[in-house]
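> okay, sequence plus prediction incoming.
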Amino acid sequence: MTDYPKMCFDRLLPDDINLMHTHPGGVDVARAIIVIRKMWPNGSTLHVRFMGGTAQQQQLAREQAEWWMEHANLRFEFDNAPDADIRIAFDAGNGAWSYVGTDSRRIPRDMPTMNLGFQDGGTSAHEFGHAIGLGHEHQNPAGGIQWNEEVVIRDLAGPPNFWSPDQTRHNVIRKYAHDQIRGTHFDPDSIMLYAFPGAWTVSGQGTHANEILSALDKQFIGGPDAYPRGIVPDPVEIPVIDQSGVPARIGKPGEEDMFVFKATTASRYTIETSGQTDVVMKLYGPDNRTSLLDQDDDGGMGYNSRIVANLTPGDYFVQIRHYNTTHGTGDYQIKVTK
């Protein structure tokens, strides 16, 4: 009997399942794999809680998580915090999977955001890659893999994966649109790439197993498009009830601006941008730079972002980036009213 690879699958939030848009080449791509909007703020400390597992399983997960910390401007704190950002189960009957990046903050605190049902090779590192916002390398639009879809769907319907055709299309066949990701050229050695048999591709050329971070993995995760090391500037404080807006600028492609405002009373607040620059907004808090409350693209006038939320007292952090992370720059204003 042929042994097919064990593969992880992307966990989707309910409101991502039906959100579709069209790839520039005409292929439908699930918005659930828009990795850019799911990355943590650079310099974040992510708290991790184990929900079971043996001491050996937990130690292996810690060791492989540290592979990323050696290069990325992120820190994992394995403190089993009740409100941990990443919560790991070890259910052998539930495969290996993880929610992608900040999606984990939208999962109830008593539920896992990652499962390590098997830990073969670099599986734990692979899942932590998803947890910090990375996607599958075989879905890199620069990869050029042409799948023998009938064979892939047939083989993954059987053991050990038992996937439906839709699961296979989502986790293997579909590629990211170029505007959904930040990334390098296709990396055949990436920890985020699984080993595929040649029969799964039109060319007959398969891929090999990768059990450690590749040179490009290390370079990319600590580079300017992901989590670069260096000084993380303090957020710019913005007043509440500012009718004119605070002027700001995306000065270079990929730049992310961070602002903070204080909600002194429980109330309904509006955070919005204005101007001609196409921006995307994320709101974090209260008093927490990684607890994602909401995000918006084009909810305001034109290409501006707008979030309306009922907030309790505390400090709230607003992250702004250009929609086009490859080339986008420009001026904008941001204001908070209630």
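Yes, it's here.
> just the helices in the stretch 1-150 of the chain please.
14-17, 55-69, 123-131, 149-156 (DSSP state H, counting those that start in this stretch).
> most tightly packed of those?
Comparing the helices of the stretch 1-150 of the chain by mean neighbour count (mean count of other C-beta atoms under 10 Å), helix 123-131 ranks first with a mean of 26. All C-beta atoms are positioned from the backbone trio N, CA, C, and that covers glycine.
> where in the stretch 201-338 of the chain is pLDDT low?
231-232, 242 (pLDDT under 70).
> repeat that with 80
206-209, 224-225, 230-233, 241-244, 254, 325-326 (pLDDT under 80).
> circling back: make JSON lines from the helices of the stretch 1-150 of the chain and add distance to Ile88 and mean pLDDT to it.
Shown next, in JSON lines, are the helices of the stretch 1-150 of the chain (distance: least, C-beta to C-beta, whole Å; pLDDT from 0 to 100):
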{"stretch": "helix 14-17", "distance to Ile88": "21", "mean pLDDT": "48"}
{"stretch": "helix 55-69", "distance to Ile88": "6", "mean pLDDT": "98"}
{"stretch": "helix 123-131", "distance to Ile88": "8", "mean pLDDT": "94"}
{"stretch": "helix 149-156", "distance to Ile88": "24", "mean pLDDT": "86"}
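> out of those, nearest to Lys335?
helix 14-17 (27.1 Å; C-beta to C-beta).
> what about the closest residue in space to Gly129 that isn't next to it in sequence, which helix or strand?
Spatial nearest neighbour of Gly129, chain neighbours left out: Met192 (5.3 Å); criterion: C-beta to C-beta, 6 or more residues apart in numbering. In the assignment (DSSP states H and E), Met192 maps to no helix and no strand.
> residues in contact with Met192?
By C-beta atoms under 8 Å, 6 or more residues apart in numbering, Met192 lies in contact with His126, Gly129, Leu134, Gly135, His136, Glu137, Asp217.
> need those residues in JSON lines with distance to Ala209, can you?
Shown next, in JSON lines, are these (distance: C-beta to C-beta, whole Å):
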{"residue": "His126", "distance to Ala209": "11"}
{"residue": "Gly129", "distance to Ala209": "15"}
{"residue": "Leu134", "distance to Ala209": "18"}
{"residue": "Gly135", "distance to Ala209": "19"}
{"residue": "His136", "distance to Ala209": "14"}
{"residue": "Glu137", "distance to Ala209": "13"}
{"residue": "Asp217", "distance to Ala209": "15"}
